[in-house]
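K.L.:
Generate coordinates for the sequence data below:
(one chain, ligands or ions: 1)
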Amino acid sequence: MEISWEVEEATRELRKYFKTGRTKSVTWRKNQLRALLDLVHDNENAMFEALHQDLGKHPVEAYRDEIGGVEKSANNSLSCVEKWMAPKKSNIPLLFFPAKGEVLSEPLGVVLIFSSWNFPIMLALDPLIGAISAGNAVVIKPSEQAPACSSLLANIIPRYMDSNAVKVIEGGADICEQLLLQKWDKIFFTGSPRVASIVMSAAAKNLTPVTLELGGKCPAILDHLSNPSDFKLAAKRIVGGKWGPCSGQACIGIDYVLVEEKLSSALIEVLKKVIKRFYGDNPVESKVISRIVNKQHFERLCNLLKDPLVAASIIHGGSVDEENLFIEPTILLDPPLDSQIMTEEIFGPLLPIITLNKIQESIEFINSRPKPLAIYAFTKDDTLKQKIQFETSSGSVVFNDTLVQFLCDTLPFGGVGLSGFGRYHGKYSFDTFSHEKAVMHRNLYLEIEPRYPPWNKFKLEFIRQAYRLNYFALFLQMLGLKKYN
Ligand SMILES: NC(=O)c1ccc[n+]([C@@H]2O[C@H](COP(=O)([O-])OP(=O)(O)OC[C@H]3O[C@@H](n4cnc5c(N)ncnc54)[C@H](O)[C@@H]3O)[C@@H](O)[C@H]2O)c1
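P.N.:
Coordinates of the predicted model:
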């Protein structure tokens, strides 16, 4: 494959600049974070416009889910980066006495960030914050499926940030493939499992580490909530967690709801009322609900509804408007479990409700499917909470709310199994783009001869006792009777 001049030149320049060591200084990192904050501040309206153009996102939703989140994350990194960079002292076991140990976080080098179209600003700039905080040089490849945001980022990033170290390269699959032929020190990918496996195969050629932020089917479990106001609040949060972010086109949005059969009609009634309150009598005219990103995804979602058994399960909504790429908030009751809508990530405004005899069956239901990026559960039952926490596996678990984990910088964000691997946000982003280097300082005295050949029984016994003593010393340290160094 022919590599474009832009791709070759960009990676060559970044590598050369990274080698100068300038990106490693705390001053450079902080200046870049400040520049990013200026960029967001000065271009807020342009971002609102681009997000509206690509996805019909309302400015408040755009600020809540993207622009505000980036500001919050950059401010957090700005105030913590010096602390994160500082070498961390490490206890060294007595076995190695006399010695000192520390852990140094060093930048990985030149990194590549692929972002997705559904949060095109957030998913490009939030990993960038981690990458520059950790002192790396970066290429961002925004999603070509959100073209207004992609070209806005390509236009403004060089005007604010150190363009020797941060570059935006726009394009589709062809450019992605060219980028993947270059050597990177890390690839941070947000997108689908299909493309993730292409990325991982390419990365394997150079043993490049990858972080894969993927999606999946995130379930919401609704338990008995005897207090009617709890039930209503849970239903409201389910609406917020399904249609709130980008009209369901969100990796951590609710994909389907699990509820006991006897509660399903009450749930549907409340959901309908909340949908009406949020989006009005005629949601197609609503200015607060995002549009489907493009015709291809619109058709994909319409096809999910074409299966006659699925169509028969629609109990609310279902209307579509191709011209405006709009699909009404739609609720389906018990579509067949082997239909596409229940086997593939929906990534749109369709909400299947799956009824169970007992809510405890939700554990088995979830465990019989690929590991989701998030599990949401509305319950006050501690036993059920324990079962969900310890008997299922997912990127995150949230009790009695939805989506909030994404904005919480102190928690790691990432998937497991088919929903991806690696984590970011806050300090986790810094770690994702750093190598933790072990440093040990020893002195040139106190030589222990039994560690060297020629071997004999005495040396074996000496090493055995030295290792045991080491554990004894650790035991003393646990009791607070011994301090290393
Ligand atoms: N975990 C998360 O944080 C998160 C966030 C948003 C979306 N997602 C997931 O992303 C998916 C939807 O996003 P998408 O449609 O943008 O995904 P996608 O996999 O189609 O595209 C993601 C990125 O890969 C690039 N790409 C496309 N073809 C490529 C190729 N052949 N080689 C290399 N790169 C290529 C795209 O340009 C884009 O930048 C959903 O599965 C969703 O759950 C996950």
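
K.L.:
And residue 464, what's its pLDDT?
P.N.:
pLDDT, residue 464: 87.

K.L.:
ok, now residue 326?
P.N.:
Looking at residue 326, its pLDDT is 95.

K.L.:
That one and residue 282 touch, don't they?
P.N.:
No. If you go by C-beta atoms under 8 Å, residue 326 and residue 282 don't touch, sitting 10.8 Å apart. Bear in mind the C-beta positions are built from the backbone N, C-alpha and C, glycine included.

K.L.:
if you count what's nearby, which of these two comes out ahead?
P.N.:
Using other C-beta atoms under 10 Å as the criterion, residue 326 and residue 282 rank with residue 326 on top: 21 against 10.

K.L.:
how far does stretch 321-328 sit from the chain's center?
P.N.:
Relative to its parent chain, stretch 321-328 has a centroid offset of 28 Å by C-alpha atoms, centre = their mean, to the nearest Å.

K.L.:
Could you do stretch 448-458 as well?
P.N.:
For stretch 448-458 - counting by C-alpha atoms, centre = their mean - the centre lies 51 Å from the chain centre.

K.L.:
and for that stretch, what are the contacting residues?
P.N.:
Applying C-beta atoms under 8 Å, 6 or more residues apart in numbering, the external contacts of stretch 448-458 come out as 459, 462-463, 466.

K.L.:
Filter those residues down to the ones in strands?
P.N.:
Using DSSP state E, no member of the contacts of stretch 448-458 falls in strands.

K.L.:
out of these, which are buried?
P.N.:
Neighbour counting over these (16 or more other C-beta atoms under 10 Å) leaves no buried ones.

K.L.:
In helices only, show me those residues.
P.N.:
Of the contacts of stretch 448-458, the ones assigned to helices by DSSP state H are 459, 462-463, 466.

K.L.:
Is it possible to get CSV of those residues that adds distance to the ligand?
P.N.:
Formatted as CSV, the ones in helices among the contacts of stretch 448-458 follow (distance: C-beta to the nearest ligand atom, whole Å):
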residue, distance to the ligand
459, 53
462, 52
463, 47
466, 47
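
K.L.:
Farthest-apart pair in those, please.
P.N.:
459 and 466 (10.3 Å; C-beta to C-beta).

K.L.:
Where does pLDDT dip in the chain?
P.N.:
Residues of the chain that meet the criterion pLDDT under 70 lie in 470-485.

K.L.:
tell me which parts of it are close to the ligand?
P.N.:
Residues of the chain found near the ligand (C-beta under 6 Å from any ligand atom) are 114-118, 123, 141, 143-145, 172-173, 176-177, 180, 190-192, 195, 198-199, 213-215, 251, 345, 347, 373, 415, 420.

K.L.:
contacting residues around the closest residue to the ligand within the stretch 101-250 of the chain?
P.N.:
Proximity of the stretch 101-250 of the chain to the ligand (C-beta to the nearest ligand atom) peaks at residue 215, 1.7 Å away. If you count contacts by C-beta under 8 Å, 6+ apart, residue 215 has them with 192-193, 251, 345, 347, 373, 415, 419.
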